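# Sequence first, then the predicted structure, then my questions.
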Amino acid sequence: MSVDYSKFKEFLDRLHLEVGQLRACDTFHNAGWYNRAGDKVGWGDLDYREVAEIPSRLSSGELLYVLPEYKSFWDLKDAGLDESRPGLDWIWEHAEATVTKNGIIIIRDWGDAVVEADKGWIKDVRATFMPREHYKNLHWAFRPG
């Protein structure tokens, strides 16, 4: 089933994102983007500077989940889940980042250790690095309205 991204155009325009966008220096390559309700609103490359601008463009109560390409497309097919809305449990289990009006959470499967790829986040962007095991305890805060 293909996703109708046109219904999320206003949201994406406000965040300055385009479906299928390419970035030379991407932090999240071909990532899937999901809203608070769990709808896939788009996909494409994101760099950390671009992600840093998103909190100021979100309205209160809105957020953006960022999932890796394989978890927002390929693995969904294998799991028999709907790409347009795989379910919040799937999203929470596989998110690489959650962006809210209040900040950015970068989720790491290997804990909170900082790796070389994170240097840009630390130098230029205020983000919280969190082990996935701790992130899972925050699900209640991100539940839809």
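Yep, it's here.
# Please report how far Thr27 lies from Tyr70.
Distance, Thr27 to Tyr70, by CB to CB, to the nearest Å: 16 Å. C-beta coordinates here come from the backbone N, C-alpha and C atoms, glycine included.
# Have a look at these two and say which one is more surrounded.
Thr27 (22 against 13; other CB atoms under 10 Å).
# so how many other residues sit close to the closest residue to that one other than its chain neighbours?
Spatially, and ignoring its direct neighbours in sequence, Thr27 is nearest to Tyr48 (4.5 Å; CB to CB, 6 or more residues apart in numbering). If you count neighbours by other CB under 10 Å, Tyr48 ends up with 23.
# next one: Leu17
Neighbours of Leu17 (other CB under 10 Å): 20.
# who's in contact with the residue lying closest to it once chain neighbours are set aside?
With sequence-adjacent residues excluded and distances taken as CB to CB, 6+ apart, Leu17 is closest to Gly42, at 6.0 Å. Contacts for Gly42 (CB atoms under 8 Å, 6 or more residues apart in numbering) come out as 5, 8, 12, 17-20, 32-33.
# What's the mean pLDDT across the helix or strand harbouring Gly42?
Using DSSP states H and E, Gly42 sits within strand 40-46. Mean per-residue pLDDT for strand 40-46: 97.
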